[in-house]
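Colleague: Next comes the sequence, and after it the predicted model I'd like to discuss.
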Amino acid sequence: MPEPNSSIQLPVLDLSKPLQSTSLSSLSQACRELGFFYVTNHGISKKTFSQLCSLSRNIFALPQELKLKLGPSSSIKSYTPRFIASPYFESLRVCGPDFYTSAKSSADKLFGQQHSELSEMLQEYGSKMMEISKKVMEAVLKCLGDNCDTKFYNSEFSGCHGYLRIVNYSPPEDGGEKEIEGLGMHTDMSCITIVYQDEIGGLQMRLKEGEWIDVDPCEDSLVVNIGDLMQAWSNGQLRSSEHRVVLKQPVNRLSLAFFWCFEDEKLVLAPDEVVGKGNTRAYKQFVCLDYLKFRESNEEGKFERIGYTVKDFAGLEHKV
Ligand SMILES: O=C(O)CCC(=O)C(=O)O
Ligand SMILES: [Fe+2]
């Protein structure tokens, strides 16, 4: 594993202010070159995060037999146990738009019928994340210039849906000084992903040159990264960068990753205006679900470990 030693100042998108031209140009550069940035003034309180994290920790602390009632082989399939993505990674998935029902069907299996606190919190969190995703996507579309946000948000992105993955990383207690890979290098299959990480840190992004950079937890900020669907839709102008999670201390780490994606049946194709006159189209049209299936079939048993990306699936010979 290469040693990461650099850090980089990622730009911050402040959702409480209109985007000024200087912040737009740094955001645009980040979306094109790095694929990562922070978002602040998102409207989710510290208290909400800490309550959600503590309820989630209670779930992950339950006996394995109980958690396995939720997956991977149950009909709900919301739980991914350890030793699938990595020996140290387990996760719980909650799907929108009805986050309440999705969470409730898991909670009922774990605790019986009487437990709705978690489901209510997740409904609130999920709908808040949907609103944040919309605002973030409008800003991302602005980065493509030419009023792309007003031209394309409604026609292309209004059918997007979101799901939340609550992740618990538990490194071995006797890990010593060694850095341990909690989640291997991958790109996300989303349009955008919005991540809350607790104070432990460990998320790293990969530069185009291959160097690993820490994406540190930042007070009151969420991390946004561009996913594969957006890389294809923007004709490769926006970057879906490889990232991973490295565990540097023998303590548990919790993250809440929200994936905002096109609907399964969506035909993903960069509009001519986005490709731009005189530029070559870099991705052929594809059905969103077909890409998700392609990734699944190539990653059997490996979860999201990278092998193939949207470039391998839909990339055309001549790249822009
Ligand atoms: O746990 C994190 O910070 C990021 C997780 C992630 O990259 C993913 O679930 O795709
Ligand atoms: Fe990811």
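Modeller: Great, that's in hand. None of these values were measured; they are calculated from a predicted model. Numbering: from 1, shown residues only. Ligands and ions are numbered 1, 2, ... in the order given.
Colleague: Would you confirm that residue 10 belongs to a strand?
Modeller: No - if the criterion is DSSP: H, G, I helix; E, B strand; the rest coil, then residue 10 is coil and not within a strand.
Colleague: in stretch 34-53, what's buried?
Modeller: The neighbour-count check on stretch 34-53 (16 or more other C-beta atoms under 10 Å) flags 34, 35, 36, 37, 38, 39, 42, 44, 49, 52, 53 as buried. For the C-beta atoms, the positions are set from N, CA and C on the backbone; glycine is no exception.
Colleague: Nearest to ligand 1 among those?
Modeller: Nearest to ligand 1 out of those is residue 36 (C-beta to the nearest ligand atom; 10.9 Å).
Colleague: For that closest one, name its beta-bridge partners.
Modeller: Counting by DSSP bridges, residue 36 is bridged to residue 225.
Colleague: Do you know the pLDDT at it?
Modeller: Note for residue 36: predicted pLDDT of 98.
Colleague: wait, it sits on residue 216?
Modeller: No - taking contacts as C-beta atoms under 8 Å, residue 36 lies outside contact range of residue 216: 11.4 Å.
Colleague: Can stretch 246-255 be said to contact ligand 1?
Modeller: Yes - if you take C-beta under 6 Å from any ligand atom as the test, stretch 246-255 does meet ligand 1, through residue 255.
Colleague: that older thread, in a markdown table, list the buried residues of stretch 34-53 along with secondary structure and distance to ligand 1.
Modeller: Below are these laid out as a markdown table (DSSP: H, G, I helix; E, B strand; the rest coil; distance: C-beta to the nearest ligand atom, whole Å):
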| residue | secondary structure | distance to ligand 1 |
| --- | --- | --- |
| 34 | helix | 15 |
| 35 | coil | 12 |
| 36 | strand | 11 |
| 37 | strand | 15 |
| 38 | strand | 13 |
| 39 | strand | 15 |
| 42 | coil | 16 |
| 44 | coil | 16 |
| 49 | helix | 14 |
| 52 | helix | 14 |
| 53 | helix | 13 |
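Colleague: Throw those into TSV and include distance to residue 102, thanks.
Modeller: As requested, those are exported to TSV (distance: C-beta to C-beta, whole Å):
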residue	distance to residue 102
34	32
35	28
36	28
37	28
38	28
39	24
42	22
44	19
49	20
52	15
53	19
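Colleague: Pick out whichever of those residues sits closest to residue 117.
Modeller: Of all the buried residues of stretch 34-53, residue 52 has the smallest distance to residue 117: 10.5 Å, by C-beta to C-beta.
Colleague: if I pick the closest one, what's in contact with it?
Modeller: Neighbour list for residue 52: 121, 122, 125, 256 [criterion: C-beta atoms under 8 Å, 6 or more residues apart in numbering].
Colleague: if we go to 7 Å?
Modeller: Residues in contact with residue 52 (C-beta atoms under 7 Å, 6 or more residues apart in numbering) are 121, 125, 256.
Colleague: Name the residues of the helix or strand harbouring the second one that come out as buried.
Modeller: Spelled out, it's residue 125. Secondary structure from DSSP states H and E places residue 125 in helix 117-142. Neighbour-count burial for helix 117-142 flags 118-119, 121-123, 125-127, 129-130, 132-133, 136-142 (criterion: 16+ other C-beta under 10 Å).
Colleague: and the gap between residue 230 and residue 288?
Modeller: According to C-beta to C-beta, to the nearest Å, residue 230 and residue 288 sit 12 Å apart.
Colleague: before we move on, what about residue 47?
Modeller: Per C-beta to C-beta, residue 47 is found 36 Å from residue 288.
Colleague: What of residue 297?
Modeller: Separation of residue 297 from residue 288 (C-beta to C-beta): 15 Å.
Colleague: quick one, which of these two is more surrounded?
Modeller: residue 288 (19 against 9; other C-beta atoms under 10 Å).
Colleague: what's near enough to touch the more buried one?
Modeller: Applying C-beta under 7 Å, 6+ apart to residue 288 gives the contacts 229, 262, 263, 264, 266, 268.
Colleague: Make a PyMOL selection of the buried ones in the residues you listed.
Modeller: Remark: buried members of the contacts of residue 288, expressed as a PyMOL selection using 16+ other C-beta under 10 Å:
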select buried, resi 229+262+266+268
